[in-house]
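>>> sequence and predicted structure below; questions after.
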Amino acid sequence: MSEISSANKTVDKSAESCSPNASAQKGVGEVRRVRSQIRRSFAGPGWHGPSVKETLAGVTAAMAAKKPIAGAHSIWELVLHIEAWMKETTRTLGGETYVSLTGELDWPVPGHATDTGWAAVLAGVETSHAALIAAVSEITEDALCEKVAGQEFSLYGLLHGVAQHNVYHAGQIALLKKAAG
């Protein structure tokens, strides 16, 4: 069994399900469904509740920079983190070697909390999301089941992971937004 341990949880990555329709066409079938889940997790509408983008509506630079919960990341940090993983996934889909982000690659350090800086962060995460959606549109059903080079998981698992990652952090952003008032 292939397991990873994260935040005191063990996840069985070998349990991921991958059975494509073996189509050579790009962006169809399961690829289309996975792409939809990523899009819904980021831009909505989502069954789970507000997406990342919907949750960020009305968040100002000052709000995004606040740390209203001791020991928690700020909204600004979470958005940069979300973007980092969308970029890494896009790189991987483009044929680059997958890197499990650590340190400042995983949690980029925010710049000064200005309205201009916050607008740039929001534009950056939107651009990264669009690039990811475009990259997913270019893969075939067959590619979904391919293992990510050097990893125990497939592209299918990686792509679902991005959608789940977005939803998880959208929830955190919603709580921080409430706490920041």
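Okay, I see it. Worth saying up front: this structure is predicted, and the values here are computed from it rather than measured.
>>> so where's the chain uncertain?
Filtered on pLDDT under 70, the chain yields the residue ranges 1-28.
>>> nearest the geometric middle of it, what residue?
residue 162 (3.8 Å; C-alpha atoms, centre = their mean).
>>> in what helix or strand does that residue lie?
helix 155-180 (DSSP states H and E).
>>> which strands or helices does that helix pack on?
helix 29-43, helix 52-56, helix 75-93, helix 141-144 (3 or more C-beta pairs under 8 Å, 6 or more residues apart in numbering; DSSP states H and E). Where C-beta positions appear, they are placed from N, C-alpha and C, glycine not excepted.
>>> from the middle of its chain, how far away would the second one be?
How far helix 52-56 lies from its chain's middle: 13 Å, per C-alpha atoms, centre = their mean, to the nearest Å.
>>> as TSV, the helices and strands packed on helix 155-180 with distance to residue 118 and mean neighbour count would be great.
TSV is the format used below for those (distance: least, C-beta to C-beta, whole Å; neighbours: other C-beta atoms under 10 Å):
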stretch	distance to residue 118	mean neighbour count
helix 29-43	18	19
helix 52-56	10	21
helix 75-93	7	21
helix 141-144	36	18
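>>> export those helices as TSV, with columns for distance to residue 62.
Output for these, formatted as TSV (distance: least, C-beta to C-beta, whole Å):
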stretch	distance to residue 62
helix 29-43	24
helix 52-56	14
helix 75-93	10
helix 141-144	42
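>>> out of the ones you listed, which gets nearest to residue 63?
Checking those against residue 63 by C-beta to C-beta gives helix 75-93 as the closest, at 6.7 Å.
>>> can you show me the CA trace of the closest one as PDB?
Coordinates of each C-alpha in helix 75-93 appear next as PDB, following Å, rounded to 0.1, in the frame of the first residue of the first chain:
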ATOM      1  CA  ILE A  75      -5.900  35.000   3.500                       C
ATOM      2  CA  TRP A  76      -3.100  36.500   1.400                       C
ATOM      3  CA  GLU A  77      -0.800  33.600   2.300                       C
ATOM      4  CA  LEU A  78      -3.500  31.100   1.500                       C
ATOM      5  CA  VAL A  79      -4.100  32.600  -2.000                       C
ATOM      6  CA  LEU A  80      -0.400  32.500  -2.800                       C
ATOM      7  CA  HIS A  81      -0.300  28.900  -1.600                       C
ATOM      8  CA  ILE A  82      -3.300  27.900  -3.800                       C
ATOM      9  CA  GLU A  83      -1.600  29.600  -6.700                       C
ATOM     10  CA  ALA A  84       1.700  27.800  -6.000                       C
ATOM     11  CA  TRP A  85       0.000  24.400  -6.300                       C
ATOM     12  CA  MET A  86      -2.000  25.300  -9.400                       C
ATOM     13  CA  LYS A  87       1.300  26.400 -11.000                       C
ATOM     14  CA  GLU A  88       3.100  23.200 -10.000                       C
ATOM     15  CA  THR A  89       0.300  21.100 -11.400                       C
ATOM     16  CA  THR A  90       0.400  23.000 -14.600                       C
ATOM     17  CA  ARG A  91       4.100  22.500 -14.800                       C
ATOM     18  CA  THR A  92       3.700  18.800 -14.300                       C
ATOM     19  CA  LEU A  93       1.000  18.600 -17.000                       C
END
